[in-house]
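Asks: Got a sequence here, can you build the structure:
(2 chains, ligands or ions: 5)
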Amino acid sequence: MSTHCCCNGSTDNREAVMAAARAALTPEIVAFIETCRADEHPEGQLIRVLHKVQEHYGYLGQDQLNAVAQLLQVSTSKVTGVATFYHFFRTEPRGRYVISVCLGTACYVKGAERVSEKLSEELGIHFGETTKDGLFSLNATRCLGTCSLAPVVMVNDDVFGDMTPDKVPSLLEQYARKAQKESQQKEA
Amino acid sequence: MTAKVEKAYQKLLQDTLKRLQEREFGQAIRIQVGSATCENAAGAQQVWQEFEKNIRTSGRTDIRLHRVGCTGRCSCEPIVGVLIPGKMPVKYERVDAELAHRIFVEHVLNGNPLAAHVLDNAGDFNADWQIVVCDSRHCGACVNGSVAKVFRAALEEAELGPDRVRISEVGCLGFCSVPRPEGATTVLVRPSHTAYNVKTPEDARRIVREHLIGGHAVEDLRVTELPISLNYFDLYGDVAFFSSQNRIALRNAGIVDPENIDEYIRYNGFRALAMALMKGEPEWVIEQVKTSKLRGRGGGGFPTGQKWELTRKNVRDMCYIICNADEGDPGAFMDRSTLESDPFSVIEGMLIGGYAVGAKEGYFYVRAEYPLAIRRIEKALDQCRALGLLGKNILGSGFSMDIDIRLGAGAFVCGEETALIHSIMGKRGQPRIRPPFPAESGLWGKPTVINNVETFANVPAILTYGAEWFARVGTENSGGTKVFALAGKVNHTGLVEVPMGTTIREVVEKIGGGVPGGRTLKGVQTGGPAGGIIPAHLIDTPIDFDTLGKLGSIMGSGGMIVLDETDCMVDVAKFFMAFCQDESCGKCTPCREGTKRMLEILERITSGKGTLEDIDKLERLAQLVKHTSLCGLGRAAPNPVLSTLKYYREEYIAHVTERRCPARKCRALIHYEIDAAKCVGCTMCARNCPVSCISGTRKEPHVIDQNKCIKCGRCFEVCRFDAVARV
Ligand SMILES: Cc1cc2nc3c(=O)[nH]c(=O)nc-3n(C[C@H](O)[C@H](O)[C@H](O)COP(=O)(O)O)c2cc1C
Ligand code: SF4
Ligand code: SF4
Ligand code: FES
Ligand code: FES
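Replies: Ligands and ions are numbered 1, 2, ... in the order given. Got it, this is the predicted structure:
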């Protein structure tokens, strides 16, 4: 039987809903939201909370968004509206290695477009997508502030400058091998 | 109250000097390693670790590793400086772990600098002394012509050749920032941190005799106050890239440790704040900022003093101050570098601004894409709080203010002030109609000041060194300097700070070293997606908000992209339009639909499907979007199109009537051909072609099958005989 039926006026399931929301997030994030609630303008902390959630989970899942809305007492539509407005927030999980191609002006005039085409071709995915094996995600970013090395590609936190389409296959191979090695180590 | 603040500031200073003394700052040998996103990307962390290891194993206790921010010489990073007391500082470029080890062994331990790796091949470190003289408009007029001449004569007299003493004439050293006797010029003697006021040839002779030969400073000629860029020129005065600049906003970048408040305080940090609090009159601060002719560096160029005055008038109970560190221009990194290299000056500027308008709370709105900058701001704020420079009753003055950080989340439009305010309030970052301006109704409906990072970084310098001086450095309507992020087709990419009124040519050719690869300059893009292109024949234009505006571009926040003949202007316009279309928040129709339609037209033109009517339509649409959009994003989005149409219309026409891209950039309009006369049949191209459309036998000319060719350009790149042509 449904436990959260709104027509069942006799039971107030607020506690259960709150508990479920808390369970969907880490205790640290829950504690942070509690402190935000004490703030003069709690709703002003929404973006901050979403940053924390994404930092921990790597993306903003529907369960987490619902939980944030519940705990911060902001409507889900508002939370979703914010989460989808900003490019930085992702609502899909990412691959193990996130490849960010700088499409800033300096990189663009030095041929970033061709590098990104090559990456797309090699990986078989477009910007914003993840390979089926969950290994790589492809992202476009703006100036990384390293224009002197343009065109620049970042893999997680590693920066690769002076990229050419040529260098793409070996770059990908390097990370594929790294992943393989790591999983072998894990097994052993 | 004045006495109380004075006492608190003096105590702060004394305590700081004591702490620095304990660290033996200035006495030990110092190895400076840059550390900013750009430096780290180039490998600075490995270099740091290598030095750490070397120092440890050497067992020496008199060698310190010193972390500094970024100097702005991006294309030569990582940069390492070796500072041995009494010796000329030596800077190395493109250091890696292996070179770091050699520098440590050969230079630091054995005293032999590695000449081949010195930054920009500056040779002056070989000499014992260097005399740096200002060659700029305010102090160039010394007795008997130029100061340099006077010194040359004095050196000749004393028989000191250029192997012992070098003379370098540089731009404004900023020494005019401190008072000095009428008719005197300031010179800097490296390496000793000594600046002198020189009035007569005899003064020059005395400096040579007593200081360079005798070994002690000529006390009565010495400049008593610390001029603004003394430290900077003492360290970098021998490198041409730097000595044509004038560092005000970036005065500490590459000199102090951005994670250590003591070094900032030692270089006059928080003196301006103390001065303002001692005066006890916020109106005085506003008056100073007005006199300085400081205009907002975020792009709009609104006079900062006026903005503060307006806000102050509107304050009832509460008011806020916000630092806009959203830096959305996709080709710019001035603000990031400032925050990573010298966060304290921005914080001090915010505190002074907060005091002036009556704010008690401040916010940093920083892009989430700048993790290092965020970390450094956090650290800096903590250190300020610990020393009573932030929080309640700052420096015993009764003035209280705190600053919090809010992260952006990757939306260009959030740089617009009303959108930014919405974002801080946790909403979607969409702009609203102004008025009311934030000065009347901003964050939570209260009066709010929003200024750019660089604007704030200038404020302490204005109070410390004088508003009149600051105004004098710039042009008639705009005081001070501007920082540019120089990138694109230029030899020396990096951050450049020059006085307002400097010409684009000086920046691109003198500081930037011109266009590489023997190619020619085609134009310079300023202002990012909201700006335009200044064509090559206009690069003698002095840089200023008004002059660039007249040419159909804008100063913008400081992106400066150099373009050469291989850049297609229609393609560049398309690039920026794609950016604006992607970033349009969608609130108003002209911007949401207009950018999309303009992008479609540009795509048609660059793919060879455009018509002449398309060009007209594009222009009409551009005007419409420009005049009817709600916020600055939409209103400025047509600028790249309009300015390229203005200066490079024939390129658009070639695309549609001849189906030709003059720069040979647009893929649909070019193809590759092999010149049978040049081809030696090495098979390189055939082996590299991803679709195998090149045929031919070994040692015979090859042929490209145009029907299969995808125009990837691989053959063009790999042919070593110049036989593949792009036509
Ligand atoms: C679309 C758009 C983006 C903007 N981006 C920035 C930015 O990244 N940084 C900035 O300081 N100002 C930006 N501005 C300008 C700000 O709205 C505001 O004018 C500025 O921060 C005021 O500070 P200032 O007077 O010190 O320049 C942007 C404006 C628009 C319309
Ligand atoms: S001009 Fe563009 S960015 Fe500005 S409000 Fe309109 S749609 Fe939004
Ligand atoms: S690479 Fe150049 S020289 Fe070699 S076969 Fe191709 S066109 Fe001829
Ligand atoms: S444009 Fe790519 S790093 Fe700046
Ligand atoms: S120091 Fe000479 S003009 Fe400033």
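Asks: could you dump stretch A:141-152 to PDB, C-alpha only?
Replies: Provided in PDB are the C-alpha atoms of stretch A:141-152 (Å, rounded to 0.1, in the frame of the first residue of the first chain):
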ATOM      1  CA  THR A 141      34.900  24.600 -21.800                       C
ATOM      2  CA  ARG A 142      35.900  28.200 -22.100                       C
ATOM      3  CA  CYS A 143      39.300  29.600 -21.600                       C
ATOM      4  CA  LEU A 144      41.200  27.700 -19.000                       C
ATOM      5  CA  GLY A 145      43.500  30.600 -18.600                       C
ATOM      6  CA  THR A 146      46.400  28.800 -20.200                       C
ATOM      7  CA  CYS A 147      46.000  30.400 -23.600                       C
ATOM      8  CA  SER A 148      49.700  30.400 -24.100                       C
ATOM      9  CA  LEU A 149      49.500  26.700 -24.500                       C
ATOM     10  CA  ALA A 150      46.600  26.900 -27.000                       C
ATOM     11  CA  PRO A 151      44.900  24.700 -28.100                       C
ATOM     12  CA  VAL A 152      44.500  23.100 -24.700                       C
END
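Asks: is ligand 1 contacted by that stretch?
Replies: No: Stretch A:141-152 stays clear of ligand 1 (C-beta under 6 Å from any ligand atom), getting no nearer than 10.9 Å. For every residue, glycine as well, the C-beta is placed using N, CA and C.
Asks: Now do that stretch: distance to the chain's middle.
Replies: 21 Å (C-alpha atoms, centre = their mean, to the nearest Å).
Asks: same deal with stretch B:165-183?
Replies: 23 Å.
Asks: pLDDT on that stretch, on average?
Replies: Averaging pLDDT along stretch B:165-183 yields 78.
Asks: Is any residue of that stretch near ligand 5?
Replies: Yes: shown here: stretch B:165-183 in contact with ligand 5 (C-beta under 6 Å from any ligand atom) through B:Cys172, B:Leu173, B:Gly174, B:Phe175, B:Cys176.
Asks: buried ones in the helix or strand B:Glu50 falls within?
Replies: Assigned by DSSP states H and E, B:Glu50 belongs to helix B:44-58. Buried positions in helix B:44-58, judged by neighbour count with 16 or more other C-beta atoms under 10 Å in any protein chain shown: B:Ala44, B:Gln46, B:Val47, B:Trp48, B:Glu50, B:Phe51, B:Asn54, B:Ile55.
Asks: Nearest residue to the second one in space, please, no chain neighbours.
Replies: Put plainly, it is B:Gln46. B:Ala97 (4.9 Å; C-beta to C-beta, 6 or more residues apart in numbering or on different chains).
Asks: Of all pairs in the buried residues of helix B:44-58, which one is the farthest apart?
Replies: Spanning the widest gap among the buried residues of helix B:44-58 are B:Ala44 and B:Ile55, at 16.3 Å by C-beta to C-beta.
Asks: circling back: how many neighbouring residues does the residue nearest to B:Gln46 have?
Replies: Residues within reach of B:Ala97, counting by other C-beta atoms under 10 Å in any protein chain shown, total 16.
Asks: how about it, what does it touch?
Replies: B:Gly43, B:Gln46, B:Val47, B:Gln49, B:Glu50 (C-beta atoms under 8 Å, 6 or more residues apart in numbering or on different chains).
Asks: Please report how far the closest residue to A:Gln45 other than its chain neighbours lies from B:His671.
Replies: Among residues not flanking A:Gln45 along the chain, A:Cys36 sits closest, at 3.9 Å (C-beta to C-beta, 6+ apart). The gap separating A:Cys36 from B:His671 is 60 Å, by C-beta to C-beta, to the nearest Å.
Asks: Other residues contacting the helix or strand hosting B:Leu310?
Replies: Following DSSP H and E, one finds B:Leu310 within helix B:304-314. Defining contact as C-beta under 8 Å, 6+ apart, one finds that helix B:304-314 is touched by B:282, B:285-292, B:294-296, B:319, B:353, B:356-358, B:437-440, B:447-449, B:451, B:455, B:459.
Asks: Could you rerun that using 6 Å?
Replies: When contacts are defined by C-beta atoms under 6 Å, 6 or more residues apart in numbering or on different chains, helix B:304-314 is touched by residues B:Ile286, B:Val289, B:Lys290, B:Leu294, B:Gly296, B:Ala356, B:Val357, B:Ala439, B:Glu440, B:Pro447, B:Val449, B:Thr455.
Asks: in the stretch 201-350 of chain B, what residue is nearest ligand 2?
Replies: B:Gly328 (11.4 Å; C-beta to the nearest ligand atom).
Asks: Would you mind listing the buried residues in whichever helix in chain A runs longest?
Replies: Secondary structure of chain A per DSSP state H: the longest helix is helix A:168-187. Residues of helix A:168-187 classed as buried by neighbour count (16+ other C-beta under 10 Å): A:Val168, A:Leu171, A:Leu172, A:Tyr175, A:Ala179.
Asks: Could you restrict those to the ones contacting ligand 2?
Replies: Within these, nothing lies near ligand 2 by C-beta under 6 Å from any ligand atom.
Asks: B:Leu443 - nearest residue in space that isn't next to it in sequence?
Replies: B:Tyr320 (4.5 Å).
Asks: List the beta-bridge partners for the one you found.
Replies: When bridges are called by DSSP bridges, B:Tyr320 pairs up with B:Glu361, B:Thr448.
Asks: For it, the count of nearby residues, please.
Replies: 23.
Asks: can you tell me how far it sits from ligand 3?
Replies: Computed with C-beta to the nearest ligand atom, to the nearest Å, the distance linking B:Tyr320 and ligand 3 is 63 Å.
Asks: so that residue touches B:Val449, yeah?
Replies: No: the pair B:Tyr320 and B:Val449 fails to qualify as a contact (C-beta atoms under 6 Å) at a distance of 7.3 Å.
Asks: will you turn the residues of stretch B:165-183 next to ligand 5 into TSV that also has neighbour count?
Replies: Listed next are the residues of stretch B:165-183 next to ligand 5 as TSV, based on neighbours: other C-beta atoms under 10 Å in any protein chain shown:
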residue	neighbour count
B:Cys172	26
B:Leu173	28
B:Gly174	25
B:Phe175	28
B:Cys176	22
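Asks: With secondary structure and distance to A:Val159 added, can I get those in JSON lines?
Replies: JSON lines is the format used below for the residues of stretch B:165-183 next to ligand 5 (DSSP: H, G, I helix; E, B strand; the rest coil; distance: C-beta to C-beta, whole Å):
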{"residue": "B:Cys172", "secondary structure": "coil", "distance to A:Val159": "35"}
{"residue": "B:Leu173", "secondary structure": "coil", "distance to A:Val159": "35"}
{"residue": "B:Gly174", "secondary structure": "coil", "distance to A:Val159": "34"}
{"residue": "B:Phe175", "secondary structure": "helix", "distance to A:Val159": "38"}
{"residue": "B:Cys176", "secondary structure": "helix", "distance to A:Val159": "40"}
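Asks: In chain A, which residue sits closest to chain B?
Replies: A:Thr105 (2.9 Å; C-beta to the nearest C-beta).
Asks: can you give me how far the longest helix of chain A is from the chain middle?
Replies: Worked out by C-alpha atoms, centre = their mean, helix A:168-187 lies 22 Å from the chain centre.
Asks: max-length helix in chain B?
Replies: helix B:2-22.
Asks: Downstream of it, the next helix or strand is which one?
Replies: That would be, after helix B:2-22 and using DSSP H and E, strand B:29-34.
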